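*Asks:* what follows is a predicted protein model with its sequence.
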Amino acid sequence: MIHSSLTQLGAALRAKKISSVELTQGYLDRIAELNPKLNAFITVNPEKSLAQAREADTRFASGKVGALTGIPIAQKDIFCAKGWLTTCGSKMLHNFVSPYDAHVISQFNNAGAINLGKTNMDEFAMGSSNETSHYGPVKNPWDTARVPGGSSGGTAAAVAARLCAAATGTDTGGSIRQPAALCGISGLKPTYGVVSRYGMIAFASSLDQAGPMGRNAEDLALMMNVMAGFDERDSTSLQREKEDYTRDLNKSLTGLRIGLPREFFAEGMGADVAKAVEAAIAEYKKLGAVIVDISLPNSKLSVPVYYVLAPAEASSNLSRFDGVRYGYRAPEYSDLADMYEKSRAQGFGAEVKRRIMIGTYVLSHGYYDAYYLQAQKIRRLIAQDFTEAYKQCDVIMGPTSPSTAFKLGEKGDDPVQMYLSDIYTIAVNLAGLPGMSIPCGFGANDMPVGLQIIGNYFDEARMLNVAHQFQLATDWHSRAPKL
Ligand code: GLN
């Protein structure tokens, strides 16, 4: 059962081969056994999960069930969930039990899914290795001396290790796709505005987007059907017709035009990653796709642009954590200003402080024009490159990450090296486009390699089709680590 997809689990539940309580207990047992080794979960609450499972089982009796009813889904600890500890990987929120549900959480609840627990993450989603979490690093299930990627590393490790069938992530600069690649699973960052950010703790609001992470593209489509949709509580949520993301899964890829950006295949990509990605492209040619040479000339500026804009937004978003209303408060202080200072000094980790300082700097008088405004202009150019490219192709492909999973501690002293992990993913967030990563082979040290698929705005159904057809022809997505 642990290797089953959401489709298979749903079928087993509806056929009454297993109950939701049995399934949930099975995963909870596996978490109890393996989480001490992987640290993928910050919180599990068997009582709460099993109560939901019992309720789901009564739904089966009454017949009102959907594709995900009764299936345990883990949630990244960035989503507020009523009655659940919601930490965002930070000491700042170590004691925050959310009084309300994020939109994504209520969508899963309404679908009858079970909240299996809250997954570990980089502090406030800032990181590419899951080493910045206040709750300690997550280990990659393929090699526990290596990182799972970040910031949705707990989710990626949990899915890869079969501690859950699927889970949620968020992606501001690559945090769904890069850990999916490093852990050998599938993940999708939707078009900006497709999934509501209500109740999702904000990092960089113009870039943040929630999405599904799971075993295969078909599972991601089922989760998208639950997660996507207009929500008036998020001012950037888009009002669109409800879509069925499974609708195109079985379309043929004959004539599909795949754009390969010259810049992605230049220096920087590891030889092992290049080999796996090229083999995947060859497979797509066999499936009937045609290759188009494209250029994204401004994409090389995406990392510096991101590291002006994301910290700027973060410095503003994180100003709410002041020790007053909720979260960490320093035990001793002399007056109000001292309480703010000490609470923030003690509650935030080093990477978060670095971002707040950079953000405050680029927004300050005299530097705003030189940095923030300039970065906004280049952001527009980066988006325009994609618009030009999509005149010639249907989807864009390339590597998700320049390398496979690196060793824990390897990049700890060098933030810039760490920032470069997202060199292929960040431009997609800056443009607001959908992007996904699917497993496409193994590289150095037998670690998984991810293929990135970038779509045009609102083209998620087509991207899922493109991924699904590859997964019908190959079996990389069904490999599992030995634990
Ligand atoms: N690694 C990037 C960062 O640290 C992206 C993180 C994310 O997508 N949440 O900002």
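*Replies:* That came through, no problem.

*Asks:* tell me how far stretch 184-199 lies from the chain's centre.
*Replies:* Remark: stretch 184-199 is offset 7 Å from the chain centroid, using C-alpha atoms, centre = their mean, to the nearest Å.

*Asks:* residue 187 and residue 174 touch, don't they?
*Replies:* No - between residue 187 and residue 174 there is no contact under C-beta atoms under 8 Å: 10.0 Å. All C-beta atoms are positioned from the backbone trio N, CA, C, and that covers glycine.

*Asks:* need the residues touching each of the two.
*Replies:* Shared contacts of residue 187 and residue 174 (C-beta atoms under 8 Å, 6 or more residues apart in numbering): none.

*Asks:* what ranges does the stretch 1-150 of the chain have for its strands?
*Replies:* Assigned by DSSP state E, counting those that start in this stretch, the strands in the stretch 1-150 of the chain fall at 41-43, 72-76, 114-119.

*Asks:* of those strands, give the one that comes closest to the ligand.
*Replies:* strand 72-76 (10.0 Å; C-beta to the nearest ligand atom).

*Asks:* for the helix or strand bottoming out on mean pLDDT in the chain, packing partners?
*Replies:* When the helices and strands of the chain are compared on mean pLDDT, DSSP states H and E, helix 415-419 comes out lowest with a mean of 88. Applying 3 or more C-beta pairs under 8 Å, 6 or more residues apart in numbering; DSSP states H and E, one finds that helix 415-419 contacts no other helix or strand.

*Asks:* list the buried residues of that helix.
*Replies:* In terms of neighbour count (16 or more other C-beta atoms under 10 Å), helix 415-419 has its buried residues at 418, 419.

*Asks:* now do the same contact list for residue 474.
*Replies:* 280, 283, 440.

*Asks:* now the first one: which helix or strand?
*Replies:* Mapping residue 280 onto the secondary structure by DSSP states H and E places it in helix 271-286.

*Asks:* what residues does that helix touch?
*Replies:* Residues contacting helix 271-286 (C-beta under 8 Å, 6+ apart): 253, 256, 258, 260, 265, 269, 291, 397-399, 401-404, 440-444, 449, 451, 466, 470, 473-474.

*Asks:* drop anything exposed from those residues.
*Replies:* Listed as buried from those are 253, 256, 258, 260, 265, 269, 291, 397-399, 401-404, 440-443, 449, 451, 466, 470, 474; burial here means 16+ other C-beta under 10 Å.

*Asks:* pull the contacting residues for the residue of the stretch 251-400 of the chain found nearest the ligand.
*Replies:* Of all residues in the stretch 251-400 of the chain, residue 310 sits closest to the ligand, at 5.5 Å by C-beta to the nearest ligand atom. By C-beta under 8 Å, 6+ apart, residue 310 lies in contact with 172, 173, 203, 204, 207, 355, 359.

*Asks:* now for these, which pair is the farthest apart?
*Replies:* Farthest-apart pair in the contacts of residue 310 is 173 and 359; separation 14.2 Å (C-beta to C-beta).

*Asks:* between those two, which one's more packed in?
*Replies:* Looking at residue 173 and residue 359 with other C-beta atoms under 10 Å, you find the greater number of neighbours at residue 173, namely 31 against 25.

*Asks:* got a list of what that one touches?
*Replies:* The contact partners of residue 173, by C-beta under 8 Å, 6+ apart, come to 207, 306, 310, 422, 425, 426, 429.

*Asks:* hmm, which two among those residues are most spread apart?
*Replies:* Farthest apart among the contacts of residue 173 - using C-beta to C-beta - are 310 and 425, which lie 12.6 Å from each other.

*Asks:* adding pLDDT and distance to residue 130, write the contacts of residue 474 out as a markdown table.
*Replies:* Below are the contacts of residue 474 laid out as a markdown table (pLDDT from 0 to 100; distance: C-beta to C-beta, whole Å):
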| residue | pLDDT | distance to residue 130 |
| --- | --- | --- |
| 280 | 98 | 26 |
| 283 | 98 | 30 |
| 440 | 98 | 22 |
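
*Asks:* closest to residue 83 among these?
*Replies:* Using C-beta to C-beta, residue 440 comes nearest to residue 83 of the contacts of residue 474, at 39.8 Å.

*Asks:* my read is that that closest one contacts residue 449, right?
*Replies:* Yes - judged on C-beta under 8 Å, residue 440 makes contact with residue 449 at a distance of 5.7 Å.

*Asks:* could you measure the closest residue to residue 257 other than its chain neighbours against residue 276, distance?
*Replies:* In this structure, residue 257 finds its nearest non-sequential neighbour in residue 393, 4.3 Å apart by C-beta to C-beta, 6 or more residues apart in numbering. Relative to residue 276, residue 393 is positioned 21 Å away (C-beta to C-beta, to the nearest Å).

*Asks:* who's in contact with residue 219?
*Replies:* Contacts of residue 219 (C-beta under 8 Å, 6+ apart): 5, 6, 7, 165, 166, 186, 212.

*Asks:* now a PyMOL select for only the buried ones of the contacts of residue 310.
*Replies:* A single PyMOL command selects the buried members of the contacts of residue 310 (16+ other C-beta under 10 Å):
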select buried, resi 172+173+203+204+207+355+359
